[in-house]
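J.: A predicted structure for the sequence below; I have some questions about it.
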Amino acid sequence: MLKIENLHAEIDGKPILNGLSLSVRAGQVHAIMGPNGAGKSTLGYVLGGRPGYEVTGGSVTFEGSNNEQLDLLDMAPDERAAAGLFLGFQYPVEIPGVSNVQFLRTALNAQRRARGEAEMSAGDFLRAARAQGEALDVSMDMMKRNVNVGFSGGEKKRNEMVQMGLLGPRLAVLDETDSGLDIDALRIVGAGINRIMRAPDKAVVLITHYQRLLDIVQPDFVHVLAEGRIVRSGGPELAHELEREGYAQVAA
């Protein structure tokens, strides 16, 4: 579904990714771990198409919603989203003056139009939003509030999972989704990732510092990213080794 080959990227002239390669097949969950400054968030931003991150080498191929092979780096961010890519942020942004339901319905129907699908009616959308919210402990009152304004860290992350559930991506790139979560919120978010994305035609790239979320999501592969490239890969046991030994020992 996703094939990254020898990816190089920089910001403000500073190289961050230095020959990163990764292949993700449908049905798989890949966890990316590594120390601060290793390039984990940069990888997510480059895949999502965030401005300011310049790709200087390599390629990224993505199998989109219609099963076509796409040059991800040649697509605008909205085109990537319509093709089935979802980027979850470490720090979800606040959007004053825009309600969650307005934002979500607009985003969903924009993607449906881009794929040549009929827009979802207001009634169907509200029923779908209510179902996703109930599964993630996000009330309709919360969804009527401005996007993330006044939300706690856990509320922002649960709200982001509602977005993911409604948009129904093929590939979710989640940047430190466990950041700022207490134990209960971690369980809810982890269960949400499993419910929404654990499917034969979907995949997840889960960027995290800690092993605790991986106990719930249970990745198929764990990769250690250091100095802008993947230096070691393994199964779920690698996350436990990192927890015991630290990055310096494991990535040496």
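T.: Everything's here; your move. Residues are numbered from 1 along each chain as shown.
J.: low-scoring stretches of the stretch 101-250 of the chain, by residue?
T.: By pLDDT under 70, the low-scoring segments of the stretch 101-250 of the chain are 249-250.
J.: show me where it has strands.
T.: For the stretch 101-250 of the chain, applying DSSP state E, counting those that start in this stretch gives strands covering 146-147, 171-175, 203-207, 221-226, 229-234.
J.: who wins for proximity to Ala26 among these?
T.: Smallest distance to Ala26 across the strands of the stretch 101-250 of the chain (C-beta to C-beta): 5.6 Å, for strand 203-207. Using the backbone N, CA and C atoms, a C-beta is placed for each residue, glycine as well.
J.: show me how far the closest one is from its chain's centre.
T.: 6 Å (C-alpha atoms, centre = their mean, to the nearest Å).
J.: pretty sure Val205 contacts Gln28?
T.: No - counting by C-beta atoms under 8 Å, Val205 does not reach Gln28; the two are 9.3 Å apart.
J.: so between those two, which is more surrounded?
T.: Val205 (24 against 17; other C-beta atoms under 10 Å).
J.: who touches the closest residue to the more buried one other than its chain neighbours in this structure?
T.: Spatial nearest neighbour of Val205, excluding adjacent residues (C-beta to C-beta, 6 or more residues apart in numbering): Val173 at 4.7 Å. The contact partners of Val173, taken as C-beta atoms under 8 Å, 6 or more residues apart in numbering, are Leu43, Gly44, Leu47, Gly48, Leu85, Phe86, Leu87, Gly88, Val204, Val205, Ile207.
J.: let me have those residues in CSV, extended by distance to Gly165 and secondary structure.
T.: Output for the contacts of Val173, formatted as CSV (distance: C-beta to C-beta, whole Å; DSSP: H, G, I helix; E, B strand; the rest coil):
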residue, distance to Gly165, secondary structure
Leu43, 24, helix
Gly44, 19, helix
Leu47, 20, helix
Gly48, 18, helix
Leu85, 15, strand
Phe86, 10, strand
Leu87, 15, strand
Gly88, 12, strand
Val204, 13, strand
Val205, 18, strand
Ile207, 19, strand
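J.: weed out the non-buried ones from those.
T.: Buried by 16 or more other C-beta atoms under 10 Å: Leu43, Gly44, Leu47, Gly48, Leu85, Phe86, Leu87, Gly88, Val204, Val205, Ile207, out of the contacts of Val173.
J.: the third one: what's it in contact with?
T.: So the one you mean is Leu47. If you count contacts by C-beta under 8 Å, 6+ apart, Leu47 has them with Leu2, Val60, Leu72, Arg80, Leu85, Leu87, Val173, Val205.
J.: the fourth one against Arg50, yeah?
T.: No - distance between Arg80 and Arg50: 10.7 Å, which falls outside the contact criterion (C-beta under 8 Å).
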